[in-house]
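Undergrad: Below are the sequence and a predicted model for it; my questions follow.
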Amino acid sequence: MNSPYQEATIAAISTPPGAGGIGIIRISGDQALSLLKAIFQPKDPSCLYRSHQLYYGHIRQPDQGKILDEVLAVFMAAPHTYTREDVVEVHCHGSFLVLQNVLELILASGAILASPGEFTKRAFLNGRIDLTQAEAVIDVLSAKTRKGVDLAQEQLSGALYGKIDPIRQSLVQMRAVIEVAIDFPDEDLEIIDHSALIAQLEQEVEEPLKKLLQSADRGRLYREGISLVIAGLPNVGKSSLLNTILQEERALVTSIPGTTRDSIEEVVDIKGIPVRIIDTAGIRDNAGEVEELGIQRARDLINKADLILFLIDGSRELIDGDRTLYGQVKHKPVLPVINKIDLCGNPIPDFSSISSIGKCVKISAREQTGIERLKQAVFDAVISGDEQWEEGGCAPNVRHKQALIGAVEACDQVLLSLKGGLTNDLIAVDLQGCLDYLAEIVGETTTEDVLDVIFEQFCLGK
Ligand SMILES: Nc1nc2c(ncn2[C@@H]2O[C@H](COP(=O)(O)OP(=O)(O)O)[C@@H](O)[C@H]2O)c(=O)[nH]1
Ligand SMILES: [Mg+2]
């Protein structure tokens, strides 16, 4: 698991490119303090570089004495640091050029430029965090909704590890029982109570594993979100709805059919789920050349969408065009929506004959009525069949999900073997198989390639 640079002291700019109030350079490794001393001139010459204490001074080129920046610098002694190594942070002015100058000086003094995610990778390799926590760092940085941030923070504080660990403890204990039986075959029957083992495996392994697996779909939803396409004939109010949801005039709205020719998309937070909402050209026949291209794109987007809002103009009768178009989208998950209810008399027409999946949501994009109801309906449509998820639950990612599937299969195999009276050797192998999958999740047996893939997703300086 040793990276080639494990011995080296690494450095990188840890704040994003661009101008800001401050910009921070981070250094990690044995040489961190001596590097700082070589380039930092503290205001107080008797500065003791106490751990975790901020000092004011200047970064100076050692040879020419040229001042590169006025800074605050902190030395943090191992092991109470992000990487568990000695760490230095230099808080500079937030100019990319200033930061670049200071970083180059640090590199010229003996540090190596950190690769993306290398600080976090060291935190993992040095045992401060497990792999699920390292992955949570990426999630925290890339979360698109507050709910996503909350889930990532929970995982960062060890929530997923905390669910996996007791399962492993049970498996280890069961394996010990089986191994005793293997070592003392003559006493086999007295030692092993198969029905007790089966019950323990079902309660302490199978059930919690399956629960975790169920929450993986919810995890994907909060992490990656869904794409939602607003479809419908020209002029039913698709662009108006996009604008209303975004609360800004993002798309052009006119009473001329065919106004929207290209698709427009924005991400909105719908009850914690990042929803990529896409307004499309209204689909109709006999459109001009440009509009026709937009219509073709609309069809492609519809085919790729996770959910479709099918808009109908409630101020007029249902027309053949609505029915034809509905026929073209109904192979996808569709939420039928009646717009312009401000123009409808009472009662509002239902049009439910058009949809085989139940009632239409009724809104007025212009008057902004029914929008909360619509958001709730979108949320319900994407989480249906997923009621098992508990609030405060974990949100395993795709990598965890794969390993969880493997673990559940191995567990089922152990159960079959126990029920079928197979030999203890075989049972021990399957128990170990289940343990291996769990070790993979927390990063104990993860291969270098997998680690590379994970840490490559990080930005520089993290
Ligand atoms: N009265 C009323 N008019 C609406 C409503 N939504 C859209 N419109 C009008 O319908 C016309 C077409 O709207 P637009 O959003 O461009 O429809 P699109 O072609 O489906 O994108 C415009 O004149 C809008 O002002 C609504 O809820 N009520
Ligand atoms: Mg439009």
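TA: Noted; the coordinates are in hand. Ligands and ions are numbered 1, 2, ... in the order given.
Undergrad: looking at it, Ile278 is touching Ala305, isn't it?
TA: Yes: in this structure, Ile278 is within contact of Ala305 by Cβ atoms under 8 Å, at 7.3 Å. Using the backbone N, CA and C atoms, a C-beta is placed for each residue, glycine as well.
Undergrad: where do the contact lists of those two overlap?
TA: 227-229 (Cβ atoms under 8 Å, 6 or more residues apart in numbering).
Undergrad: of the residues you listed, closest to ligand 2?
TA: Comparing the shared contacts of Ile278 and Ala305 against ligand 2 with Cβ to the ion places Val229 closest, at 12.5 Å.
Undergrad: What parts of this protein come near ligand 1?
TA: 232, 234-240, 253-255, 259-260, 282, 339-340, 342-343, 364-366 (Cβ under 6 Å from any ligand atom).
Undergrad: try 8 Å this time
TA: Taking Cβ under 8 Å from any ligand atom as the contact definition, the chain meets ligand 1 at 230, 232-243, 251-255, 257-260, 279, 282, 311, 313, 315, 339-343, 363-367.
Undergrad: on that earlier part again, which one among the shared contacts of Ile278 and Ala305 gets closest to Gln457?
TA: Gln457 lies nearest to Ser227 out of these, by Cβ to Cβ, at 20.9 Å.
Undergrad: what sits against the closest one?
TA: Applying Cβ under 8 Å, 6+ apart to Ser227 gives the contacts 275-276, 278, 301, 304-307.
Undergrad: Tabulate those (JSON lines), appending neighbour count and pLDDT.
TA: Shown next, in JSON lines, are the contacts of Ser227 (neighbours: other Cβ atoms under 10 Å; pLDDT from 0 to 100):
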{"residue": "Val275", "neighbour count": "25", "pLDDT": "95"}
{"residue": "Arg276", "neighbour count": "17", "pLDDT": "94"}
{"residue": "Ile278", "neighbour count": "24", "pLDDT": "92"}
{"residue": "Leu301", "neighbour count": "20", "pLDDT": "89"}
{"residue": "Lys304", "neighbour count": "10", "pLDDT": "91"}
{"residue": "Ala305", "neighbour count": "22", "pLDDT": "93"}
{"residue": "Asp306", "neighbour count": "17", "pLDDT": "93"}
{"residue": "Leu307", "neighbour count": "18", "pLDDT": "95"}
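Undergrad: ok, the residues you listed vs ligand 2, which is closest?
TA: Ile278 (11.5 Å).
Undergrad: what residues are up against the nearest residue to the closest one once chain neighbours are set aside?
TA: Excluding its sequence neighbours, the residue lying closest to Ile278 (Cβ to Cβ, 6 or more residues apart in numbering) is Glu265, at 4.3 Å. Glu265 is in contact with 276-279, counting by Cβ under 8 Å, 6+ apart.
Undergrad: Tell me the secondary structure of Glu265, please.
TA: strand (DSSP: H, G, I helix; E, B strand; the rest coil).
Undergrad: So which of the contacts of Glu265 are in strands?
TA: In strands, judged by DSSP state E, the following of the contacts of Glu265 are found: 276-279.
Undergrad: For the residue nearest the centre of the chain, report the pLDDT, please.
TA: Nearest residue to the geometric centre of the chain (Cα atoms, centre = their mean): Arg223, 3.5 Å. Looking at Arg223, its pLDDT reads 89.
Undergrad: Distance check, it against His400.
TA: 11 Å (Cβ to Cβ, to the nearest Å).
Undergrad: Touching stretch 432-452 from outside, list them.
TA: 1, 121, 124, 130-132, 134, 160-161, 164-165, 167-168, 171-172, 175, 205, 399-400, 403-404, 406-407, 410-411, 413-414.
Undergrad: ChimeraX command for the buried members of those?
TA: The ChimeraX selection below is limited to those of the contacts of stretch 432-452 classed as buried (16 or more other Cβ atoms under 10 Å):
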select :121,124,130,131,132,134,160,161,164,167,168,171,175,205,399,400,403,404,406,407,410,411,413,414
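Undergrad: give me the subset of the contacts of stretch 432-452 touching ligand 2.
TA: Contacts with ligand 2 are made by none of the contacts of stretch 432-452, judged by Cβ under 5 Å from the ion.
Undergrad: which parts of this protein sit against ligand 2?
TA: 238-239, 260.
Undergrad: By neighbour count, which of those wins?
TA: The most crowded member of the residues of the chain next to ligand 2 is Lys238, carrying 30 neighbours; neighbours defined as other Cβ atoms under 10 Å.
Undergrad: picking that back up, tell me the one among the contacts of Ser227 nearest to ligand 1.
TA: Lowest distance from ligand 1 to those (Cβ to the nearest ligand atom) belongs to Ile278, with 12.1 Å.
Undergrad: List the contacts of that closest one.
TA: Neighbouring residues of Ile278 by Cβ under 8 Å, 6+ apart: 227-230, 263-265, 301, 305.
Undergrad: do you know how far it is from Asp380?
TA: 20 Å.
Undergrad: Going along the chain, name the helices of the stretch 151-300 of the chain.
TA: 159-183, 188-191, 194-201, 207-224, 238-246, 289-304 (DSSP state H, counting those that start in this stretch).
Undergrad: Can you tell me which of the ones you listed is most buried?
TA: Comparing the helices of the stretch 151-300 of the chain by mean neighbour count (mean count of other Cβ atoms under 10 Å), helix 238-246 ranks first with a mean of 24.
Undergrad: What angle do helix 289-304 and it make with each other?
TA: On the basis of axes from the mean of the first three to the mean of the last three Cα atoms, to 10 degrees, helix 238-246 is oriented at 50 degrees to helix 289-304.
Undergrad: who does helix 238-246 touch, helix- and strand-wise?
TA: Secondary-structure packing of helix 238-246 (3 or more Cβ pairs under 8 Å, 6 or more residues apart in numbering; DSSP states H and E): strand 226-232, strand 264-270, strand 273-279, strand 307-313, strand 334-339, helix 371-383.
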